[in-house]
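K.L.:
Following is a predicted model, sequence given first.
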Amino acid sequence: GAVVSQHPSWVICKSGTSVKIECRSLDFQATTMFWYRQFPKQSLMLMATSNEGSKATYEQGVEKDKFLINHASLTLSTLTVTSAHPEDSSFYICSAAGDLETQYFGPGTRLLVL
Amino acid sequence: QKEVEQNSGPLSVPEGAIASLNCTYSDRGSQSFFWYRQYSGKSPELIMFIYSNGDKEDGRFTAQLNKASQYVSLLIRDSQPSDSATYLCAVNMGSSGTASKLTFGTGTRLQVTL
């Protein structure tokens, strides 16, 4: 149980384009989903927390207009990187938590912006 | 600032030995504690969680919590080369039972040698 998927696993795009990443909880209802970013050899950095049906809460320094988060249902959250630039290239990982507080991570999405 | 601290390592142990990974946290009111394993290039996967003082065992893994000392550890018995990874300590510094955001340590890299 507690399986979280992400799609796509890899994405390469041109600078200035927008990229949408999906995060799904496959076998449980995720009341809360989290989005992280991880640069090479660095620790996880929490970007935002989203609850189903409400606006996401962004961490300090994360631009909410650049990283759009939608948590439309109890099994799906999306992260859209708008007008991506090379400095946005990173490993984006979502996690999901259900009734209990344990967070289960998706496999991650590698974004490369050319 | 609320912090979780881990020795970055690498911690090198021979195959079959016990690996001991340590973590300290700054918020005395923290209620729940998690250990995740992250292989290079992959997302974190949950090993175990602990809420109460004392030991919690799951297979070859034992988590130990001492809230008075603000200290949590992970023991891995009969270490295998496949255990070589970065181990992340995470602390929920919000209310227990709710999916509050986790504060992660920077991780300890474990190397199990043949």
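P.N.:
Thanks, I have the structure now.
K.L.:
Could you pull up the residues touching residue A:36?
P.N.:
Listed by CB atoms under 8 Å, 6 or more residues apart in numbering or on different chains, the contact partners of residue A:36 are A:44, A:45, A:46, A:47, A:92, A:93, A:94, A:95. For the C-beta atoms, the positions are set from N, CA and C on the backbone; glycine is no exception.
K.L.:
what does residue B:88 give?
P.N.:
Applying CB under 8 Å, 6+ apart to residue B:88 gives the contacts A:43, A:44, B:6, B:35, B:36, B:37, B:38, B:44, B:104, B:105, B:107.
K.L.:
Over to residue B:109?
P.N.:
Applying CB under 8 Å, 6+ apart to residue B:109 gives the contacts B:8, B:9, B:10, B:11, B:85, B:86, B:87.
K.L.:
go on, residue A:64?
P.N.:
Residues near residue A:64 by CB under 8 Å, 6+ apart: A:48, A:56, A:58.
K.L.:
State the distance from the second one to chain B.
P.N.:
From residue A:56 over to chain B the distance is 12 Å, taken as CB to the nearest CB, to the nearest Å.
K.L.:
Which residues does the helix or strand hosting residue A:112 contact?
P.N.:
Under the assignment given by DSSP states H and E, the secondary-structure element containing residue A:112 is strand A:109-113. Counting by CB under 8 Å, 6+ apart, the neighbours of strand A:109-113 from elsewhere in the structure are A:6-15, A:19, A:21, A:81, A:84-93.
K.L.:
Relative to it, what are the paired strands and their orientations?
P.N.:
The pairing partners recorded for strand A:109-113 under DSSP bridges are strand A:10-13 (parallel), strand A:90-97 (antiparallel).
K.L.:
about what we covered before: looking at the contacts of residue B:88, which has the smallest pLDDT value?
P.N.:
Per-residue confidence across the contacts of residue B:88 is lowest for residue A:43, with 86 (pLDDT).
K.L.:
Now do the contacts for the residue nearest to that one when sequence neighbours are not counted.
P.N.:
Spatial nearest neighbour of residue A:43, chain neighbours left out: residue B:106 (4.5 Å); criterion: CB to CB, 6 or more residues apart in numbering or on different chains. Under the criterion of CB under 8 Å, 6+ apart, the contact list for residue B:106 reads A:43, B:5, B:6, B:8.
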